[in-house]
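Undergrad: What would the 3D arrangement of this be:
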Amino acid sequence: MNRLIMTGVAAVAALAALPAMAGFAASDLIYIPVASHSPGAVGSQWRTDLYITNVDDVAIDIAMVYLPSGLFSNTSLLQSRDTWLGGRESDSFGFVNESLADIPPNGTVVLREVVGEYWVSQIGESGNGALIVAAYEADTLEDDGSRVNRNAIVNARIYNETTIWVENPDNPDELVERAAQYGQDIPGVPWYNLADGGAVGETYDLSYQVLTGGEEGGALRYNVGVLNASDALTSLTVRIQPYGPDGEPYLDENQAEILSLINLPPLSHYQLFRPFRDDWGLEDTVGASVRVSIVAWSSQAVSPIPMMTSYGSVVVNNTNDPTSIVPSFADPYDIECMWGGEGEGVKRLSGSRRPVEIPPLGRGSQRD
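TA: Below is the predicted model:
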């Protein structure tokens, strides 16, 4: 057996030659694909904390809006700042938290229980949904909705609030109940990393995402969610299809491919709970993957921006301990493939345009 041992400078040089493990998450427009304040299966109680870090070299402000889950349009929520959370009362946001204004370079703001704190009245005390987060230079938001775009990193921590039984430190023979949490990180998705329905070419396809870790049975359950991250006038048809460990689509009793075809109104969010069992009739699934694809769109916009993002989650049934499944494109990162080489222009259909913006005062925010 051959063994390669590297020490000192040689090891450093080898590491430098490896591909970077870090991702690109900084942006001025970020989508949190799921945010929750709701009860779940097996007695779980899901809550969401938000972490916002300014990675720009000037102070920034943050504004965000919540999109409740369901097969209905959330366009109206982007037409007024009354539904937005921001940092300044002078910007006429419906919800204000002053910590979201003047965040210094390298500074971080943590919003605890963000959905329950600000949008419970909107979601009817509990529910799932998604967040759109905008970052801009401090105090530059204009009445027309324009801003000086700046970059932030935004992640969510979604956790189950529960209790556990532990040994009583004062009496080792006795158990006492204590508060506990089991949580998962949900990375924010920059607008430039969204799946794009028009970004399909001979050598690349950015119109779909792959979710791995498909496992569901007596010990585990699996959830799949999708967010229509298009402009506020565009609906999507999305196909969610499971594949077996052999790489082949699952088939039903008639040898037809098993899948879910979902029509997503503008800015809608939808989650499939235990889809392997409840939607696809599959038992004790191990080693599966799920492909989430934009297959069609319709729009009243002059220039539609058909985009989406997805996520998965594996949850341990007896503890409600979750693990995030982050989506991936099936193509490797290739800046020329995704954005076009010199003289070729942008290959993404909508890669150079943000799908939505903060609304102007007294007017809608949808872009066409």
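
Undergrad: pretty sure Leu77 belongs to a strand, no?
TA: No. Counting by DSSP: H, G, I helix; E, B strand; the rest coil, Leu77 is located in no strand; its state is helix.

Undergrad: That one reaches Val65, doesn't it?
TA: Yes. Leu77 lies in contact with Val65 (Cβ atoms under 8 Å); the separation is 5.8 Å. To be clear about C-beta, it is placed using only N, CA and C from the backbone, and glycine gets the same treatment.

Undergrad: of the two, who's got more company?
TA: Val65 (27 against 21; other Cβ atoms under 10 Å).

Undergrad: Give me the distance between whichever strand or helix holds the more buried one and the centre of its chain.
TA: Secondary-structure assignment from DSSP states H and E places Val65 in strand 60-68. Its chain's C-alpha centre and that of strand 60-68 lie 14 Å apart, by Cα atoms, centre = their mean, to the nearest Å.

Undergrad: So which elements touch it?
TA: Other helices and strands packing on strand 60-68, by 3 or more Cβ pairs under 8 Å, 6 or more residues apart in numbering; DSSP states H and E, are strand 84-86, helix 120-123, strand 127-137.

Undergrad: any residues in contact with both of Leu77 and Val65?
TA: Here Leu77 and Val65 have Thr83 as joint contacts, going by Cβ atoms under 8 Å, 6 or more residues apart in numbering.

Undergrad: Which of the three states applies to Asp144?
TA: For Asp144, the assignment made with three-state DSSP gives coil.

Undergrad: That one: neighbour count?
TA: Burial of Asp144, expressed as a neighbour count using other Cβ under 10 Å, amounts to 12.

Undergrad: so it touches Pro360, yeah?
TA: Yes. With contacts counted by Cβ under 8 Å, Asp144 reaches Pro360, the gap being 4.8 Å.

Undergrad: hey, what's in contact with both of these two?
TA: Common contacts of Asp144 and Pro360, defined by Cβ under 8 Å, 6+ apart, are absent altogether.

Undergrad: In contact with Glu174: list those residues for me.
TA: Applying Cβ under 8 Å, 6+ apart, one finds that Glu174 lies in contact with 167-168.

Undergrad: quick one, phi psi at it?
TA: phi -120, psi 140 (degrees, to the nearest 10).

Undergrad: Roughly how far does it sit from Thr319?
TA: As defined by Cβ to Cβ, to the nearest Å, Glu174 lies at a distance of 22 Å from Thr319.

Undergrad: so what's the backbone phi/psi at Pro275?
TA: Reported as degrees, to the nearest 10, the phi and psi values for Pro275 are phi -70, psi -30.

Undergrad: can you pull the pLDDT of it?
TA: Reading off the per-residue confidence, Pro275 sits at a pLDDT of 97.

Undergrad: which regions of the stretch 151-300 of the chain sit below the pLDDT cut-off?
TA: Across the stretch 151-300 of the chain, residues meeting the criterion (pLDDT under 70) sit at 162-164, 177, 179-181, 183.
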